[in-house]
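Participant: dropping the sequence and predicted coords here.
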Amino acid sequence: MYFFFFDYKPYIAVIGDIVASKQLEDRKTVQKQLRTTLNDINEMYHEDIASKFMITLGDEFQGLLQIGNHAFEIVEKIEREMYPTEIRFGLGVGKITTTIDPNVPLGADGPAYYNARKMIDELKSMKKKKMEPRITMKIDIEDNADISELINAVFSLNTVLKAKWTDRQREIINAYLKCGGTQSDAAKQLGINQSNVQKALSNADFYTYQNVLVTVTNILSKIREVQDD
């Protein structure tokens, strides 16, 4: 079990960046899709959000979370909804030293954002080096370098796992998750047999992926300020 000890209110800053955005064939459509996805995130996870997710530049977006319970789930959902557009994510945990506008993440500042930006910059640098591990998201938890390194290793393995999914497997996995993890409902939505859903999930090693999601979520849910008795 992991515990984090902060003597201040920690936040989780999320910065997302569309990879090679200038090379997209229909950049306007991708941005529209991203805007819709972020609006859905803001609605679904409004209790977790300190400052709403929004596009801040043409190929970049950010948001601020006040708890870590669904941080990994949120970035995974954005990644799934935006596929096949490739997105990298920098997550930074730390203090926010400015006033937080709940509707606009621009203007907020502090170590949480510095750490998230550092992770984005590292991902950009790593992509240019073929010997570096494959990874699409990184996290930097203030004063917790060892745990950050461990989670990033898990992120890397998770990236490799998802890269092996076929388009059909992705479609079935998305339907399964949107149906609340019910094979019969996913099968009905897709117009296929439940056995096809079960086979696709098994062949994609989905339950290994799901275990990663649960494990990282449990770790990040411990991010909170320690209250004195």
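Facilitator: Received it, and whenever you're ready, just let me know what you need.

Participant: any idea how far the residue nearest the centre of the chain lies from residue 98?
Facilitator: Closest to where the C-alpha atoms of the chain average out (Cα atoms, centre = their mean) is residue 75, at 1.7 Å. Relative to residue 98, residue 75 is positioned 23 Å away (Cβ to Cβ, to the nearest Å). C-beta coordinates here come from the backbone N, C-alpha and C atoms, glycine included.

Participant: for residue 46, give its distance to residue 121.
Facilitator: Using Cβ to Cβ, residue 46 is found at 30 Å from residue 121.

Participant: these two: which is more packed in?
Facilitator: Taking neighbours as other Cβ atoms under 10 Å, residue 46 and residue 121 compare with residue 121 leading, 14 against 10.

Participant: break down this structure into its strands, ranges please.
Facilitator: Assigned strands in the chain, in chain order: 11-18, 49-57, 60-65, 87-94, 137-141 (criterion: DSSP state E).

Participant: now those in a markdown table, with distance to residue 198 and mean pLDDT?
Facilitator: Supplementary listing: these in a markdown table, determined by distance: least, Cβ to Cβ, whole Å; pLDDT from 0 to 100:
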| stretch | distance to residue 198 | mean pLDDT |
| --- | --- | --- |
| strand 11-18 | 32 | 95 |
| strand 49-57 | 34 | 93 |
| strand 60-65 | 34 | 95 |
| strand 87-94 | 29 | 96 |
| strand 137-141 | 29 | 95 |
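
Participant: and these: which comes nearest residue 211?
Facilitator: Evaluated over the strands of the chain, closeness to residue 211 peaks at strand 137-141, with 17.4 Å, by Cβ to Cβ.

Participant: packing partners of the closest one?
Facilitator: Under the contact criterion of 3 or more Cβ pairs under 8 Å, 6 or more residues apart in numbering; DSSP states H and E, strand 137-141 touches strand 87-94, helix 111-127, helix 145-163.

Participant: if we can go back for a sec, for the residue nearest to the centre of the chain, give me its contacts.
Facilitator: Applying Cβ atoms under 8 Å, 6 or more residues apart in numbering to residue 75 gives the contacts 14, 16, 89, 91, 137.

Participant: please tell me I have it right and the last one contacts residue 78.
Facilitator: No - between residue 137 and residue 78 no contact is recorded; they are 10.2 Å apart, counting by Cβ atoms under 8 Å.

Participant: mind listing the shared neighbours of these two?
Facilitator: Both residue 137 and residue 78 are in contact with residue 89, where contact means Cβ under 8 Å, 6+ apart.

Participant: what residue ranges in the chain score low on pLDDT?
Facilitator: Residues of the chain meeting the criterion pLDDT under 70: 1-3, 128-133, 226-229.

Participant: please redo it, this time with the cut-off set to 90
Facilitator: Residues of the chain that meet the criterion pLDDT under 90 lie in 1-8, 19-29, 31, 57-59, 104-108, 124-135, 143-144, 178-182, 213, 222-229.

Participant: all set now, cheers.
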